[in-house]
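A.B. asks: I'd like to go over a predicted model; first the sequence, then the structure.
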Amino acid sequence: MLKSLAALGLRYSSNAKLPHGQQLSNVTKICFSPLPEVSKWLVPVQVQYIENGKTKMCDIFKVHDSVSIVLYNISRQKLIFVRQFRPAVYYGLIINNFRELPKEDIDLIQYPYELGMTLESCAGMVDKDKSLAEIAREEVFEECGYDVSVDRIEEVMNYRSGVGSSGAKQAMYYCEVTDADKVNSGGGVEDELIEVVELSLDEAKKMVQQGAINNSPPSCLMGLLWFFANKAPANA
Ligand SMILES: Nc1ncnc2c1ncn2[C@@H]1O[C@H](COP(=O)(O)OP(=O)(O)O[C@H]2O[C@H](CO)[C@@H](O)[C@H](O)[C@H]2O)[C@@H](O)[C@H]1O
């Protein structure tokens, strides 16, 4: 089971041949520890409420809102994705194999880090005072290397993710790019190690076929369904 999931993590990797400047993720140590009392990224809160006279509670955490962009290269009819190591996905996949939080480093032979590699739409958190479309434009540039103006970024829909735990808002956008818009290899900024992956429409369609197993977030798959329903060429 775990082996086949690791294969899923490796799927769509472009292997050795990455565009100049892009680095392939190689994780060599993983360990888990309880969340510190103060986290820059997650703020845990308990909500207490009375519903139909019954007192209830819900433990939640606040995270940043975010944007995601369905990116379509019309020069080559390819959908553009990003592939990266996601610690949360890795943790979610392996933690049920342990009775309690392991104190030692995780055995990466038994639990390869590739389990936590995901294929996602280009996305980013809303952590600056800019319009959502401008943040989307920046993510397309930083993660995927396409330089487009904000007016080419089309708003698709807004929705809430993690409704049981965070309820954070995500705004989805759509953008068509051409090879002429590609100005660098992408790959993210600062510590990010993001691989740009291009899929043909046939390959991308397999991700949303009945029975598909993905490491991708629902927002990416929903973006694909939206694309095939609204934007894909008639012959796709
Ligand atoms: N919990 C955490 N702990 C430590 N460092 C953290 C962190 N969260 C973010 N970071 C840091 O912030 C950086 C920037 O994150 P991004 O803005 O690229 O959002 P990301 O793509 O991770 O998730 C975006 O895309 C995914 C997929 O759509 C959405 O789920 C998500 O809400 C959205 O922000 C990360 O590379 C990391 O260094």
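C.D. replies: Perfect, I can see it now. Residues are numbered from 1 along each chain as shown.

A.B. asks: Okay, now the unreliable bits of the chain?
C.D. replies: 1-23 (pLDDT under 70).

A.B. asks: Going along the chain, name the strands of it.
C.D. replies: Ranges of strands within the chain are 43-51, 54-62, 66-73, 78-85, 117-120, 122-125, 153-161, 168-177, 195-200, based on DSSP state E.

A.B. asks: so can I have TSV of those strands showing mean neighbour count and distance to residue 233?
C.D. replies: For the C-beta atoms, the positions are set from N, CA and C on the backbone; glycine is no exception. Output for the strands of the chain, formatted as TSV (neighbours: other Cβ atoms under 10 Å; distance: least, Cβ to Cβ, whole Å):
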stretch	mean neighbour count	distance to residue 233
strand 43-51	9	44
strand 54-62	11	41
strand 66-73	24	10
strand 78-85	22	12
strand 117-120	22	22
strand 122-125	21	21
strand 153-161	15	17
strand 168-177	20	12
strand 195-200	19	12
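
A.B. asks: And these: which comes nearest residue 184?
C.D. replies: Among the strands of the chain, strand 195-200 comes nearest to residue 184, with 10.2 Å by Cβ to Cβ.

A.B. asks: what helices or strands is that closest one leaning on?
C.D. replies: Applying 3 or more Cβ pairs under 8 Å, 6 or more residues apart in numbering; DSSP states H and E, we find strand 195-200 packed against strand 78-85.

A.B. asks: Can the longest helix seen in the chain be said to contact the ligand?
C.D. replies: In the chain, assigned by DSSP state H, the helix with the most residues is helix 218-230. Yes: applying Cβ under 6 Å from any ligand atom, one finds helix 218-230 touching the ligand at residue 219.

A.B. asks: Let the chain start at 17 from now.
C.D. replies: Understood, numbering begins at 17; the last thing we discussed is helix 234-246.

A.B. asks: Now do the buried residues in that helix.
C.D. replies: For helix 234-246, the neighbour count (16 or more other Cβ atoms under 10 Å) marks 235-240, 242-243 as buried.
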